[in-house]
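>>> just need the structure, nothing else, for what follows:
(one chain, ligands or ions: 2)
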Amino acid sequence: MPESPEPAARHFIRQIIAEDRASGRYDGRVVTRFPPEPNGYLHIGHAKAVCLDFGMAAEFGGRCHLRMDDTNPEQESMEYVEAIRDDIRWLGFDWGEHFYYSADYFERMADVAEDLIRRGRAYVCELSTEAFKAYRGVPTRPGRESPWRNRAAAESLELFRRMRAGAFEDGALCLRAKIDMASPNLHLRDPVLYRVLRVPHYRTGDRWCIYPTYDFAHPLEDAFEGVTHSLCTLEFEVHRPLYDWVIAQLDLAQPPRQIEFARLNLTYTVMSKRKLLALVRDGLVGGWDDPRLPTLRGLRRRGVPPEAIRDFCERIGVTKYESLTDLALLEHAVRAALNRSAPRRMAVLDPLKVVLTNWPEDEEASFEAVNNPEDPSAGTRPVAFGRELWIERADFMEDPPKRFHRLSPGAEVRLRYAGLITCTGVDRDPATGEVRAVLAQFDPASRGGNAPDGRRVKGTLHWVAARHAVPVEVRLYDRLFSVPEPDADEAVDFRTHLNPDSLRTVTALAEPTLAETAAGAAVQFERLGYFCADLRDHAPAKPVFNRTVTLRDSWSRRQG
Ligand code: ATP
Ligand code: MG
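Ligands and ions are numbered 1, 2, ... in the order given. Modelled structure (predicted):
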């Protein structure tokens, strides 16, 4: 079940750090790091880690490093490095001068490896991959020692240097730590520290043909940088004894500690880089910044403000158990942020004409519309009004059910900011019978919005004056998948759950101010939702808006 937001104030990581500071561990220092692998774009799950790593450092007067964890040359690139930096800045965090690449430590890491070999703590092993697995065994029974385990240190050292010099094929041999082949934790059964991989690296070119494993590299990077609290997701919990083993070899006065937390899982989306890449590569979405993706680029283009993401990450809290967070909670945070900041505008997505039969043909009026009821300093703006208007097709019914409070023959409604109108009939296409326009009478006494006699009018509609309306391309985004957990079942391709209606494009008619909106800026279309001018395609001569969220808050309603 989706987790409910809990007061994050005392989450366990905050508590651990506070205790470490109280006890004088690390002399009160707090140094964290966010270690993305530059093999994809950041997503909302990464944002949880970013907010935690940078947030804890800021809260405790420490610092957070940004480190490209680039020990896997195959999929990494500078394009991803740049995008990661840009996205973290956009989220609102700053690493100052503490930007690092794991690859810059390769020389130091190899020195540590040689030192371990000399001290009999590591050896070069020549078992094939299959033999390696067979010797390692299963958790319930001890594994077998490699025949190369007790070779002379000098021999291992020479082989390791030849590995590094390119004398061997991929996988022919590897460097292993000498720990414990009987440990119930398979990660301690002489794990691999270095493997031969004759693949060029985006930073070091072909200088290296051996690369350290994550389990060896990560603790070393933390140690080299003086990290105190190394926060990572739960899947690394079983690796922690190995992390501690590597750290112990360094004999540090203040060894870093690894602390694990549950990753963010979100309904109606997928977060694995592999799956996101598949969606992009197969053209099922428009790119990494497609507004339907959970990538930070996608969310940004969708119109989600960074403060909404930070607020969301604070609300979900930090725990040690796996859970599934309801996308409605993110949408709730988005509405809360945009409600405070987004100016209100009027646009009609599915236009139906209204003719005010008692309004003179050439008379024009201008009414004063409130820009943001949540923010009086946003002021008002004039909106043009005239005989012909557009309203939303769904706001009119010829034969309405009971409790339909919008426009229908004989009914009276308020046109927001303008006044009251009463429907007197329809103008029909004689050939098809289709309603071409709704006919109505304007009550001149209600100019500006209210009936002088205080009579009750239930419905209030948004509208646009036909003579001034500008066409706007509006992209109506919805959830990317039609089921809450699209990748729950490994046997079913997650792509079969794509929501066929995740994007619908319409031409709306809007008040002319929309054309002047800056790309990326958010507005509320009254009664419809929050929208933003598209970062790529919007231009004053050809306005394009994305729907960020509708106004219907399913999260608040469910909370009662
Ligand atoms: P992969 O599965 O390909 O390794 P990854 O999502 O773990 O991808 P990394 O670049 O290694 O990608 O992630 C950087 C950091 O972000 C890691 O510390 C990781 O634990 C954290 N992280 C990744 N996904 C999530 C998530 N869904 N929730 C919280 N933290 C996450
Ligand atoms: Mg990872």
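>>> distance of Met56 from ligand 1?
Using Cβ to the nearest ligand atom, to the nearest Å, one gets 13 Å for the distance from Met56 to ligand 1. To be clear about C-beta, it is placed using only N, CA and C from the backbone, and glycine gets the same treatment.
>>> an error on my part: the question was meant for Gly166.
Distance from Gly166 to ligand 1, by Cβ to the nearest ligand atom: 28 Å.
>>> tell me the residues of this structure that contact ligand 1?
Applying Cβ under 6 Å from any ligand atom, we find that the chain lies next to ligand 1 at 35-37, 45-46, 48-49, 232-233, 263-264, 271, 273.
>>> apply 5 Å and report the result again.
Pro36, Glu37, Gly45, His46, Lys48, Ala49, Cys232, Thr233, Arg263, Leu264, Lys273 (Cβ under 5 Å from any ligand atom).
>>> domains in this protein, by residue range?
12-261, 273-304+323-343+472-552, 347-462 (automatic domain parsing).
>>> so, low pLDDT: which residues of this protein?
Low-confidence segments of the chain, defined by pLDDT under 70: 1-9, 557-560.
>>> 50 - rerun?
Scanning the chain for pLDDT under 50 picks out 1-8.
>>> next, whichever residue of it sits closest to ligand 1: secondary structure please.
Minimum separation of the chain from ligand 1 (Cβ to the nearest ligand atom) falls at Gly45, amounting to 2.2 Å. Of the three states, Gly45 takes helix under DSSP: H, G, I helix; E, B strand; the rest coil.
>>> is it true that it touches Ala262?
No - Gly45 is not in contact with Ala262 according to Cβ atoms under 8 Å; the separation is 10.6 Å.
>>> in stretch 181-191, what counts as buried?
Met181, Ser183, His187, Leu188, Arg189, Asp190, Pro191 (16 or more other Cβ atoms under 10 Å).
>>> show me the contact partners of that stretch.
Outside stretch 181-191, the residues that touch it by Cβ atoms under 8 Å, 6 or more residues apart in numbering are 125, 135-137, 139-140, 142-146, 149, 176-180, 213, 215-216, 238-239, 241-242, 245.
>>> filter these to the buried ones?
If we count by 16+ other Cβ under 10 Å, these have these buried: 125, 135-136, 143, 146, 149, 176-179, 213, 215-216, 239, 242, 245.
>>> and which of the residues you listed is nearest Arg10?
Of all those, His239 has the smallest distance to Arg10: 27.0 Å, by Cβ to Cβ.
>>> once you drop chain neighbours, what's closest to Glu361?
Nearest residue to Glu361, sequence neighbours excluded (Cβ to Cβ, 6 or more residues apart in numbering): Arg387, at 5.9 Å.
>>> ok, that neighbour to Arg67 distance?
Separation of Arg387 from Arg67 (Cβ to Cβ, to the nearest Å): 65 Å.
>>> between those two, which is the more surrounded one?
Arg67 (23 against 19; other Cβ atoms under 10 Å).
>>> I'd say the more buried one and Tyr105 touch.
No - shown here, Arg67 and Tyr105 do not form a contact pair, counting by Cβ under 8 Å, at 9.6 Å.
>>> and the buried ones among the residues of the chain next to ligand 1, selectable in ChimeraX?
The buried subset of those, as determined by 16+ other Cβ under 10 Å, is captured in ChimeraX by this line:
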select :36,37,45,46,48,49,232,263,264,273
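>>> pick out the most distant pair among the residues of the chain next to ligand 1.
Glu37 and Leu264 (17.3 Å).
>>> in stretch 107-115, what counts as buried?
Buried, per 16+ other Cβ under 10 Å, within stretch 107-115: Met109, Ala110, Val112, Ala113, Glu114.
>>> out of those, list just those in helices.
Cross-referencing the buried residues of stretch 107-115 against helices under DSSP state H gives Met109, Ala110, Val112, Ala113, Glu114.
>>> contacting residues for the second one?
Shown here is Ala110, whose contacts under the criterion Cβ under 8 Å, 6+ apart are Arg164, Tyr194, Ile210.
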